[in-house]
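Participant: what shape does this take:
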Amino acid sequence: MRPGDNQKTDSEYVRNGICSIFAFIEPLGVTHYVSVREHRTAFDWAEEIKYLVDVMYPDAEKIILVMDNLNTHKPASLYKRYPADEARRIIKRLEILYTPKHGNWLDIAEIERNVMTRQCLSRTIENIASLREELAAWEVERNKVAAKVNW
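Facilitator: Residues are numbered from 1 along each chain as shown. This is a model prediction of the structure:
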């Protein structure tokens, strides 16, 4: 380095792992639910859907579930995870709508994901436990202020 030149340092991105974030957003009821999983498998999706049906909306006769069309986001995933009678019970409570490629339903999820990124995920998070804590606090705050999705 020549005298008078600024010292230059090269930063290196260190990947601490990957995970999947499952999010349920009820835009009219202003309810937010976020879950962090180590994988994005059919079992993970099925367990999250069971939580939606049995814990979040146990008294709902029918839940309209609008979601993206990923390979694991299928009723068949429930049959992979649970016995047939349990999978059928869960499916009967759902009306599943897949978002069209250019549909504004998908915009709701994208808007909320962008808010989550700006408010919570825009920095390096050391590990999955810390990520779970951060997102749990974010979820509590979003529900406390009854945050709506502006679309």
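Participant: by residue count, what's the longest helix in this structure?
Facilitator: Criterion DSSP state H: the longest helix present in the chain is helix 128-144.
Participant: which elements pack onto it?
Facilitator: Contacts defined by 3 or more Cβ pairs under 8 Å, 6 or more residues apart in numbering; DSSP states H and E place helix 128-144 against strand 31-37. Any C-beta I mention is one placed from the backbone N, CA and C, and that applies to glycine too.
Participant: so what strands line up beside the strand it packs on?
Facilitator: strand 20-26 (antiparallel) (DSSP bridges).
Participant: buried residues in the partner strand?
Facilitator: Across strand 20-26, burial judged by 16 or more other Cβ atoms under 10 Å covers 22, 24-25.
Participant: residue ranges for the helices of the protein, please.
Facilitator: For the chain, helices defined by DSSP H occupy the ranges 42-51, 75-81, 84-92, 104-116, 128-144.
Participant: to residue 60, which of these lies closest?
Facilitator: Taking Cβ to Cβ, helix 84-92 is the member of the helices of the chain nearest to residue 60, at 11.7 Å.
Participant: and the angle from that closest one to helix 42-51?
Facilitator: Between helix 84-92 and helix 42-51, the angle comes out at 60 degrees (axes from the mean of the first three to the mean of the last three Cα atoms, to 10 degrees).
Participant: what distance do you get for residue 139 to residue 8?
Facilitator: 41 Å (Cβ to Cβ, to the nearest Å).
Participant: of the two, which one has the most company?
Facilitator: Shown here are residue 139 and residue 8; by other Cβ atoms under 10 Å, residue 139 has more neighbours (18 against 6).
Participant: pLDDT at that one, what is it?
Facilitator: What the model reports as pLDDT for residue 139 is 91.
Participant: from residue 21, how far off is the closest residue to it other than its chain neighbours?
Facilitator: Sequence neighbours aside, residue 34 is the residue nearest to residue 139 in space, at 4.8 Å (criterion: Cβ to Cβ, 6 or more residues apart in numbering). Separation of residue 34 from residue 21 (Cβ to Cβ): 6 Å.
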